[in-house]
Each structure stands twice: as structure tokens, then as C-alpha cells.
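1. Sequence first, then the predicted structure, then my questions.
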Amino acid sequence: MKNPQLVNKEGFSHPTLPYRHLSYKDFQVYFINLFSINKTLFKTIFTTFILLLLFNFSSYSQIECGVPTNTPNIDYGSIIETRGVFQPNSGPYCINLFFHIVRQNNGLGEFDPNEIDNLVVLLNDSFNPHNIFIAKAGVNFINNSNHFNTTVTYSTQNNSFNTPLFNNSVNNAVNFYLVNSVREIAYPSDIYYNGVAQKVESKNFIVKNEKVLTSTSPHELGHCLNLLHTHQGRGGSSGCEEDIDAENCEDCGDFVCDTPADPTLIPYPKNYFNVDSNCIYIGGGGFNPDVKNIMSYSGDCREHFKPGQGKRIRDALQESSLLQDIIGSDLLYGLATTVGDNIICADEGTIVEIINSEPPYNWSVTPNLTITENNGSSITVVANNYYASETGKIWVSHFGVGQNPIEINVWLGRPQSPESIYGPDIVNSGAIVSYQGGVAQGATSYVWWLPYAVDIVNPIDYFNDNWQMYPNNTRFNSQVFTGYGANNGYVQIMGGQ
């Protein structure tokens with residue numbers, strides 16, 4: 001949204017499957033002529049044609065992912081932002097994951113349970129860079145041949161994939177079902193998936209055994225944690241398309257601005273592929289998609305989430321009532337984390353400490369910071385510039401669960417000015433109006449000023465001549481009484497710490 005010029009207000013400081021059309025007349029003439037030449041050859045070639053046709057149809061029916069995606073977007077980040085406090089939701093978060101290994105009635109055919117720990121490592125490799133950690137909450141075995149080859153059905157009532165298999169789910173974890181195959185009954189033919197998430201933001205997902213130790217697993221878990229496909233809005237999926245220039249990235253596509261617009265990736269060697277065997281996008285059209293993004297359809301090319309996707313997950317973990325049960329105990333799982341103030345000044349050292357971890361430790365900071373003391377598990381750090389007003393980062397590597405370096409976002413010095421103020425320029429006497437200030441980076445509170453004379457009171461006296469407002473330290477000031485004194489002036493906001 002562009003900031004309007006405000007008078008007398010100041011701010012301080014499932015993809016559509018490709019097909020080929022075959023003319024029935026051409027088909028008929030071709031095979032009649034062929035039959036007249038050689039009946040045996042006809043039988044051989046016709047049989048081959050039918051087999052190839054079935055093979056191609058089967059390949060088209062194998063879809064990377066099944067997830068209902070027409071759920072309204074819930075922007076938890078905006079919900080957090082309305083509190084008006086500069087406190088980046090950097091985590092860490094520990095997620096409980098419960099593994100259900102599905103076998104045939106005779107107990108055979110299961111995913112090798114000895115590989116579960118490797119699966120946990122694979123998932124942590126994807127999520128740890130975003131300060132999200134996966135803990136194995138438990139493993140059980142389900143002996144049921146019907147569920148071994150699972151069938152899911154789509155419910156329009158609650159916009160989700162459902163199956164009786166989910167009756168085995170535990171409440172305090174995301175439930176990961178490992179099956180031989182998973183299909184949806186559909187017309188004109190069933191659809192087979194590599195993985196299925198119950199819905200975007202949910203606690204159940206399924207992956208077929210041969211895809212468990214691939215990027216399909218973090219992909220489906222990403223859906224459970226509120227991530228959409230990077231091609232959302234294209235390829236037959238619901239929603240609006242993200243512009244190639246990302247102008248509408250907050251409102252369309254996957255609602256994450258550091259994931260470029262995606263035309264719907266199709267990896268080699270599938271028909272009509274637009275990602276070659278070297279993981280290079282060759283589809284043109286002005287797109288420059290991230291072919292290594294886990295939430296894309298680029299198959300074996302997928303490697304990572306982007307920071308914006310990590311933030312979207314952390315925001316959901318903080319705000320979603322559905323996901324609160326899946327958050328585990330840091331101490332229980334030995335999850336390393338840091339403690340310390342995230343606002344750093346030049347004239348006073350700030351101590352940052354790592355806990356629930358083991359040495360050796362290796363600390364590093366951005367160039368605008370200096371480590372003045374290093375005690376191994378803790379450091380004292382200062383800002384280099386007394387007049388700083390900017391972001392900085394601290395990293396610490398360690399031994400233990402989640403061995404990737406922990407990244408800490410900090411603010412240096414004074415908060416910046418709010419970007420703008422939204423609200424009416426002209427008001428009536430005796431009116432109730434609302435104002436909203438822009439974000440002031442580095443601010444932990446906000447202070448409002450209204451035209452003189454003003455009273456900060458609770459409750460408001462709606463018969464008074466003065467401007468009045470409730471005590472307020474957030475960016476939102478929704479109860480402003482203009483008074484009857486016809487006092488003109490400025491509405492102002494300042495960020496503080």
C-alpha cells in the first residue's frame with residue numbers, strides 16, 4: 001500500500017494436466033490401413049499402443065502433492081504486527097512429530113523403522129536454518145492392508161482431505177503417516193499422490209514410502225505449518241497469480257515476498273518439463289522462479305525454504321490455536337536457544353547467552369557490532385556507532401540438537417521514525433475517529449500526541465471540549481475523541497524503547 005500524503009499528521013521518526021488431442025478419424029484410417037497390411041503386426045502394435053496409452057495416463061495421474069488450497073489466507077504476521085512492538089518472531093520452535101508406519105495385515109511392507117532417525121535429520125536440515133526444530137515424539141505401527149494403500153476423500157464442508165487413517169492421530173503432535181501409496185478417488189480416473197496434507201494448517205499428512213526420504217516430506221509438513229505452493233494461483237490452483245515483478249506479493253500467490261513468481265514447475269524427465277536435468281528453469285515467459293524451493297513442484301531439485309517462508313511458519317506457530325499442541329518443550333528435547341536483550345546500544349554492553357547446548361561455541365556478529373567479552377557460552381556485545389539506528393545479527397554455532405548456527409536478529413540504537421500515519425485529515429467536532437501509525441523499526445512502544453488541548457483519560461468524557469484518548473502505547477489509536485473546542489493541530493506518533 002502506498003503511503004498517502006496526510007495533511008496535519010506527522011510520523012516521527014492441483015495443476016491442470018497436459019493432454020494431446022488425437023483425431024478419431026486419423027486413428028481409424030491409420031489402423032484400418034495397418035490391419036489390411038498385416039493382421040499380426042496390427043495386433044502387436046495395437047497392444048503396444050494400448051500399453052503405452054495406459055502408461056502415459058498413469059504417469060499423468062501421479063501428482064506430486066494433494067492439498068486443498070482454497071482456504072482463506074490467514075496472515076499471522078499482520079496479527080502480530082498490530083501489537084506495535086518490535087520483537088521479531090525469530091523462535092526457536094520445537095515441533096513434535098509422531099510417525100505412523102503403516103503395514104499390511106501380516107505386518108510386512110513397511111517403511112524401514114531404522115530410517116526414522118535419518119528422516120528426522122532430513123527434516124531438521126530443511127527447517128533448522130529458520131530456527132524450527134523437529135523432535136521425534138513417537139513411532140507406532142498400523143497393520144491394515146486397506147490403509148497400506150490409502151484412499152483419501154475431499155470434503156467440501158471443511159475443505160480438507162480425510163481418511164479413516166487419521167483416526168490414529170495423537171493430539172500433541174503433527175502426525176506423519178508412511179504408506180505404500182495414497183490415492184484420491186476421482187473422475188474419470190483415480191489420482192495418485194506422492195504426498196497429501198490434510199489441509200493448509202493442519203496436523204496430519206501422508207507420504208508414500210518411496211518418497212519419504214526426499215523433499216516430499218518437508219514439502220507436506222510445510223503445508224501443515226501454513227505454507228502454500230510457490231505457484232499458488234496458477235496451474236489450476238485457487239487464488240490470484242503473483243505478478244512477475246512481485247508487486248502484489250503480499251496479496252497473491254503464496255503471500256511470501258521472497259519467493260519469486262512461479263509458473264508451476266515441471267521437472268525433467270516429465271512431459272512438457274520446464275526445469276531441465278541440471279535444475280535450470282527453461283520455461284521462459286519472463287519468470288525467474290526458485291527451482292530449489294521446497295514448496296515448488298521441481299522434484300529432486302528442491303533444497304530449501306526462503307526466510308519469508310520460515311517467518312510465516314514461526315508466525316503460525318506463535319498465533320494459531322490449532323498448532324499450539326504440537327509445540328514441544330525446549331528442555332525436554334535439549335533444544336539449543338539463546339537468551340538476552342534484542343536491543344543493543346553503543347554505551348552499554350548487552351549479554352547474549354546460549355543454553356541447552358554443548359561446546360565448542362563459535363560466535364560471530366555483523367560488522368556494525370563488536371564482541372567485547374567472550375565467555376564461551378555467552379558474549380557481551382556493543383553497537384559500534386553511538387548514533388546507530390539499524391538492524392544487526394549475531395550467530396552462534398554449537399554442538400547438540402539442531403547443530404546449524406543460531407541466528408539472532410537485534411536492533412542497534414534508537415528506533416526509526418514511523419513510516420506514516422493513516423487516518424482522517426478533516427474531522428468533525430465531537431467525533432470518534434481512529435488513527436494507525438506505520439511501523440517504527442526498533443520500537444518496543446509508541447507515544448501519541450493529539451492537537452492541544454488533549455486529555456489522556458479512561459473513560460473518555462464525550463462532552464468535553466478537549467481532544468481525548470485512552471492511554472495507548474501501540475501503533476493503533478482507535479478511540480480518539482475530537483472534542484467540541486474546534487482545536488486544530490497535528491496528530492503525531494513516535495516510537496520508543
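-> That came through fine.
2. Surely A246 and C257 touch.
-> Yes: between A246 and C257 there is a contact at 6.1 Å, judged by C-beta atoms under 8 Å. From N, CA and C alone the C-beta is placed, and that goes for glycine too.
3. what's the neighbour count on the residue nearest to T214 when sequence neighbours are not counted?
-> Leaving aside its sequence neighbours, T214 sits nearest to D300 (C-beta to C-beta, 6 or more residues apart in numbering; 7.1 Å). Applying other C-beta atoms under 10 Å, we find 12 residues neighbouring D300.
4. Equivalent analysis for P415, please.
-> By other C-beta under 10 Å, the residues close to P415 number 23.
5. where does it land in three-state SS?
-> coil (DSSP: H, G, I helix; E, B strand; the rest coil).
6. and the residue lying closest to F141 once chain neighbours are set aside, what are its bridge partners?
-> Using C-beta to C-beta, 6+ apart and skipping the chain neighbours, the partner closest in space to F141 is I101 (5.2 Å). I101 has the following beta-bridge partners by DSSP bridges: F141, L178.
7. State the helix or strand in which F98 lies.
-> F98 belongs to strand 93-103 when assigned by DSSP states H and E.
8. Output that strand as CSV, restricted to C-alpha atoms.
-> Presented in CSV, the C-alpha positions along strand 93-103 are these (Å, rounded to 0.1, in the frame of the first residue of the first chain):
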residue,chain,number,x,y,z
TYR,A,93,10.3,-23.5,18.0
CYS,A,94,10.4,-27.3,18.6
ILE,A,95,7.7,-29.3,16.8
ASN,A,96,6.6,-32.7,17.9
LEU,A,97,6.3,-35.1,15.0
PHE,A,98,4.6,-38.6,15.5
PHE,A,99,5.4,-41.2,13.0
HIS,A,100,2.8,-43.8,12.0
ILE,A,101,4.3,-46.7,9.9
VAL,A,102,1.5,-48.4,8.0
ARG,A,103,1.9,-52.1,7.1
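9. packing partners for that strand?
-> Strand 93-103 is packed against helix 116-127, strand 132-143, helix 145-148, strand 174-179, helix 307-319, with contacts defined by 3 or more C-beta pairs under 8 Å, 6 or more residues apart in numbering; DSSP states H and E.
10. Nearest to S215, out of those?
-> Closest of these to S215 is helix 116-127, at 7.7 Å (criterion: C-beta to C-beta).
11. Quick one: list the elements packing against the closest one.
-> Against helix 116-127 (3+ C-beta pairs under 8 Å, 6+ apart) you get strand 93-103, strand 132-143, helix 216-224.
12. Now do S90 against I394, distance only.
-> Distance, S90 to I394, by C-beta to C-beta, to the nearest Å: 11 Å.
13. quick one: secondary structure of the residue nearest to T214?
-> Assigned by three-state DSSP, the conformation of D300 is helix.
14. give the contact list for it.
-> By C-beta atoms under 8 Å, 6 or more residues apart in numbering, the contact list for D300 reads T214, S215, P267.
15. Please verify my assumption that I343 contacts T444.
-> Yes: between I343 and T444 a contact is recorded at 7.3 Å, counting by C-beta under 8 Å.
16. list the residues that contact both of these two?
-> The contact lists of I343 and T444 share Q497, where a contact means C-beta under 8 Å, 6+ apart.
17. List the contacts of E184.
-> Contacts of E184 by C-beta under 8 Å, 6+ apart are G66, T151, V152, T153, Y154, F161, D190, I191, Y193, V196.
18. Now, those residues that are in strands?
-> Mapping the contacts of E184 onto strands (DSSP state E) picks out G66, T151, V152, T153, Y154, F161, I191, Y193, V196.
19. Pull the most distant pair out of these.
-> By the measure C-beta to C-beta, T153 and Y193 form the most distant pair in the ones in strands among the contacts of E184, at 12.9 Å.
20. Have a look at these two and say which one is more surrounded.
-> Y193 (27 against 12).
21. what residues are up against the residue nearest to the more buried one when sequence neighbours are not counted?
-> Leaving out its chain neighbours, the residue that sits closest to Y193 by C-beta to C-beta, 6+ apart is G66, at 4.2 Å. Listed by C-beta under 8 Å, 6+ apart, the contact set of G66 reads H14, V152, F161, V182, E184, I191, Y193, G195, V196, A197.
22. Which among those residues count as buried?
-> H14, V152, F161, V182, E184, I191, Y193, G195, V196, A197 (16 or more other C-beta atoms under 10 Å).
23. wait, what's in contact with the last one?
-> Taking C-beta under 8 Å, 6+ apart as the criterion, A197 is in contact with C65, G66, V67, F161, N204, F205, E220, L221, H223, C224.
24. Go through the helices and strands packed on strand 93-103 and pick out the most buried.
-> Greatest average neighbour count among these goes to strand 174-179 (a mean of 25), per mean count of other C-beta atoms under 10 Å.
25. does N70 really touch T156, like I thought?
-> No: with contacts counted by C-beta under 8 Å, N70 stays clear of T156, the gap being 9.7 Å.
26. that older thread, among the contacts of D300, which one sits closest to I460?
-> Using C-beta to C-beta, S215 is the member of the contacts of D300 that sits closest to I460, with 55.9 Å.
27. Give me the phi and psi for the closest one.
-> Per-residue torsions, S215: phi -70, psi -10 (degrees, to the nearest 10).
28. So P164 is in contact with T151, correct?
-> No: if you go by C-beta under 8 Å, P164 and T151 don't touch, sitting 9.1 Å apart.
29. which regions of this protein lie under the pLDDT threshold?
-> Filtered on pLDDT under 70, the chain yields the residue ranges 1-62, 83-88, 329-336, 356, 399-404, 473, 477-478.
30. how does it divide into domains?
-> 76-312, 337-413, 421-496 (automatic domain parsing).
31. Now the terminal residues of the longest one, how far apart.
-> Its first and final residues considered, domain 76-312 spans 7 Å by C-alpha to C-alpha, to the nearest Å.
32. swap in the shortest one?
-> The first residue of domain 421-496 is 16 Å away from its last residue (C-alpha to C-alpha).
33. OK, contacts around L228?
-> T69, N73, V200, G239, G253, D254, F255, M295.
34. just the buried members of these?
-> For the contacts of L228, a burial check counting by 16+ other C-beta under 10 Å picks out T69, V200, G239, G253, D254, F255, M295.
35. Pipe these into TSV and attach secondary structure per row.
-> Supplementary listing: the buried ones among the contacts of L228 in TSV, determined by three-state DSSP:
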residue	secondary structure
T69	coil
V200	coil
G239	coil
G253	coil
D254	coil
F255	coil
M295	coil
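36. so which of those residues comes closest to N128?
-> Nearest to N128 among the buried ones among the contacts of L228 is M295, at 17.0 Å by C-beta to C-beta.
37. Tell me who's in contact with that closest one.
-> M295 neighbours (C-beta under 8 Å, 6+ apart): H219, G222, L227, L228, H229, T230, D254, T259, F305, Q309.
38. on that earlier part again, distance to D276 added to the helices and strands packed on strand 93-103, as JSON lines?
-> Shown next, in JSON lines, are the helices and strands packed on strand 93-103 (distance: least, C-beta to C-beta, whole Å):
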{"stretch": "helix 116-127", "distance to D276": "24"}
{"stretch": "strand 132-143", "distance to D276": "31"}
{"stretch": "helix 145-148", "distance to D276": "36"}
{"stretch": "strand 174-179", "distance to D276": "31"}
{"stretch": "helix 307-319", "distance to D276": "25"}
